[in-house]
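Peer 1: the following block contains a protein sequence and its predicted model.
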Amino acid sequence: MNGKLLISLFAGLLLAGGAAWAQEVDCKPVETKDKKCQGDKHYPIVTINTRTKEIHPEFVCASRGSIIEFRVVPPGKTDRGSIDVAAKDSAIEWLFGANFPDNKKIEVRVSRQAEIGSIHEYNVYFEDDTCIDPRVNVED
């Protein structure tokens with residue numbers, strides 16, 4: 001079996017397994033009052049702190065086709081596959097990922113078919129069964 005195919009299958013199983021346990025967790029809501037999206041929409045970066053269970057920015061701007069890089073900090077303190085990003089709406093197939101194979105980041109490509117001006121809610125799930133619920137704003 002091709003090595004890349006084997007890695008892809010394993011990553012898919014991790015994501016599917018993570019999504020199953022993660023959906024049963026109540027997430028800490030992020031306050032939405034007067035929040036504007038932040039960051040460079042062409043190179044969106046979100047930092048996930050596994051110690052404080054905080055994310056910055058909570059509302060990230062992203063253009064269609066851009067890759068959102070979720071940086072997992074502190075470096076070297078998080079196991080591979082222990083952080084999941086999952087869209088609250090399962091129909092949003094592009095907004096899913098895990099810090100596997102790289103334990104320091106998750107990369108998600110925004111669909112080129114995503115509607116401009118749309119706001120996508122997602123959850124960040126931690127290994128200890130806690131989670132938070134930030135947003136992605138798709139811009140032109």
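Peer 2: Structure's in. What do you need? Residues are numbered from 1 along each chain as shown.

Peer 1: do a quick rundown of the strands in this structure.
Peer 2: 28-29, 45-49, 54-56, 59-63, 67-73, 84-87, 96-98, 105-109, 119-125, 131-133, 135-139 (DSSP state E).

Peer 1: out of the ones you listed, which comes closest to residue 35?
Peer 2: strand 59-63 (4.9 Å; C-beta to C-beta). Using the backbone N, CA and C atoms, a C-beta is placed for each residue, glycine as well.

Peer 1: what angle separates that closest one from strand 45-49?
Peer 2: With axes from the mean of the first three to the mean of the last three C-alpha atoms, to 10 degrees applied, the angle from strand 59-63 to strand 45-49 works out at 150 degrees.

Peer 1: pull strand 59-63 out as CSV, backbone CA atoms only.
Peer 2: Written as CSV, here are the backbone C-alpha positions of strand 59-63 (Å, rounded to 0.1, in the frame of the first residue of the first chain):
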residue,chain,number,x,y,z
PHE,A,59,-13.2,35.7,14.9
VAL,A,60,-10.7,35.3,12.1
CYS,A,61,-11.1,36.8,8.6
ALA,A,62,-10.4,34.5,5.7
SER,A,63,-10.7,34.8,2.0
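
Peer 1: pLDDT of it, averaged?
Peer 2: Across strand 59-63, pLDDT averages out at 97.

Peer 1: then stretch 125-139?
Peer 2: 94.

Peer 1: what residues of that stretch count as buried?
Peer 2: Using 16 or more other C-beta atoms under 10 Å as the test for burial, stretch 125-139 gives 125-126, 131-139.

Peer 1: which of these sits closest to residue 59?
Peer 2: residue 135 (4.7 Å).
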